[in-house]
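Undergrad: Give the three-dimensional model of this entry:
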Amino acid sequence: MNASMLSYILFSCLLLSVQAEYCGVREIIRYTQRLLDDSPVSCPCRQTATSSCSCLPIPEHGHELACFVDGTKHLMEHNTSSNPVITRLYWTFQALLDRNLCKRLAHGDQCQYETKGNVKEFLKKILTTYQEIDK
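TA: Alright, predicted model coming up:
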């Protein structure tokens, strides 16, 4: 069993032990802020295959969690240097989606979006979505 699977199992147990609604707000804001601070200037997202920039889904309202799962999974798979913060975000979003834990983020299982954005735009969407919940 690898470390990410073990952390996923431990995290899942933690989530199941929390009776109140769990959205992971503070951790997600902290991790996202760290990624935004660390990421270099993001190149523009072009919807063509020739662009080396990641184009990530900017979710429509009610599809945030599904899109956050898809986007962070894409970052994990296409990021040359594996980033433990991205991995942690991915597993957090996946657990929240699987267990329907965060009622404030409606749960469409499919990511629906009208636009795509670069990595910074995607991270800012995560940040603003969770800052709204935190208010």
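Undergrad: Please, where are all the strands along the protein?
TA: 56-59, 113-117 (DSSP state E).
Undergrad: Would you mind finding the most buried of the ones you listed?
TA: Highest mean neighbour count of the strands of the chain: strand 56-59, a mean of 23 (counted as mean count of other Cβ atoms under 10 Å). Where you see a C-beta, it was placed from the backbone N, CA and C, and this is true even at glycine.
Undergrad: ok, it: who's next to it in the sheet?
TA: Its sheet considered, strand 56-59 pairs with strand 113-117 (antiparallel) by DSSP bridges.
Undergrad: Make a markdown table out of the strands of the chain and add distance to residue 126 and mean pLDDT.
TA: Listed next are these as a markdown table, based on distance: least, Cβ to Cβ, whole Å; pLDDT from 0 to 100:
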| stretch | distance to residue 126 | mean pLDDT |
| --- | --- | --- |
| strand 56-59 | 10 | 93 |
| strand 113-117 | 11 | 91 |
